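S.K.: predicted structure and sequence below. I'll ask about it afterward.
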Amino acid sequence: QQQVKQSPQSLIVQKGGISIINCAYENTAFDYFPWYQQFPGKGPALLIAIRPDVSEKKEGRFTISFNKSAKQFSLHIMDSQPGDSATYFCAASNEGGSEKLVFGKGTKLTVNP
Amino acid sequence: DVKVTQSSRYLVKRTGEKVFLECVQDMDHENMFWYRQDPGLGLRLIYFSYDVKMKEKGDIPEGYSVSREKKERFSLILESASTNQTSMYLCASSLGSGHTNTEAFFGQGTRLTVV
């Protein structure tokens, strides 16, 4: 049973464009929603995270939008750069419970110069 | 800087061998995790430990076991390696219960090939 569904699997964007990756979850007990960025040959690293008490969080060019009623959240990358080319994973966990992160299947983003 | 160190970047083992993957973290984290990463399948949790000698099965524990004798070290054991265990293995750690920051820090990964 896949608890976090991520789309698209791959995404190609031109430099300067907006990249949008979507995730949907099923477990209403989830209360922590991070996004991880992974470059080839490296482990994933936390990019940005949100908790359900806010609907949006912005850090530089990266924004998470969160819709609690729809059980969906998305990552927006504004002014996408070739250096943003990486695989992005959304995740979710129940911080009041086991704290295990459940990951989406990942999105490979390519930003063309 | 939090550091999670996996003992090997690349490993090649033969079918039936017993394989040990080692992971060490230097930030006194309570939680440690082993994930497996395969193309198109994302990261799947194999085992989770929230304290020394404590462990919990993840989503795909079959064929694996773990050991946590010291807080900083978490080992993944493949009892009898099989070709379908060829994969990238990622270790991670996080602070643990009672902390507001639950960010997970990952190691560089170990790419295991079973032939």
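M.R.: Done, it's in.
S.K.: mind telling me which residue of chain A is nearest chain B?
M.R.: A:Gly43 (3.3 Å; Cβ to the nearest Cβ). Yep, even glycine has a C-beta here, placed from its N, CA and C like the rest.
S.K.: gap between that residue and A:Glu95?
M.R.: 22 Å (Cβ to Cβ, to the nearest Å).
S.K.: next one: A:Gly104
M.R.: 18 Å.
S.K.: compare the two and say which is more crowded by neighbours.
M.R.: Between A:Gly104 and A:Glu95, counting by other Cβ atoms under 10 Å in any protein chain shown, A:Gly104 is the more crowded of the two (25 against 16).
S.K.: tell me what the helix or strand of chain A with the lowest mean pLDDT is packed against?
M.R.: Between all helices and strands in chain A, the lowest mean by mean pLDDT, DSSP states H and E belongs to strand A:102-103, at a mean of 91. Strand A:102-103 sits against strand A:86-92, strand B:42-51, with contacts defined as 3 or more Cβ pairs under 8 Å, 6 or more residues apart in numbering or on different chains; DSSP states H and E.
S.K.: which one of the residues in chain B is closest to chain A?
M.R.: B:Phe106 (3.3 Å).
S.K.: and the closest residue to that residue other than its chain neighbours, what is it in contact with?
M.R.: Nearest non-adjacent residue to B:Phe106, counting by Cβ to Cβ, 6 or more residues apart in numbering or on different chains: A:Gly43, 3.3 Å away. A:Gly43 makes contacts with B:Val4, B:Leu90, B:Ala92, B:Phe106, B:Gly107, B:Gln108, B:Gly109, as judged by Cβ atoms under 8 Å, 6 or more residues apart in numbering or on different chains.
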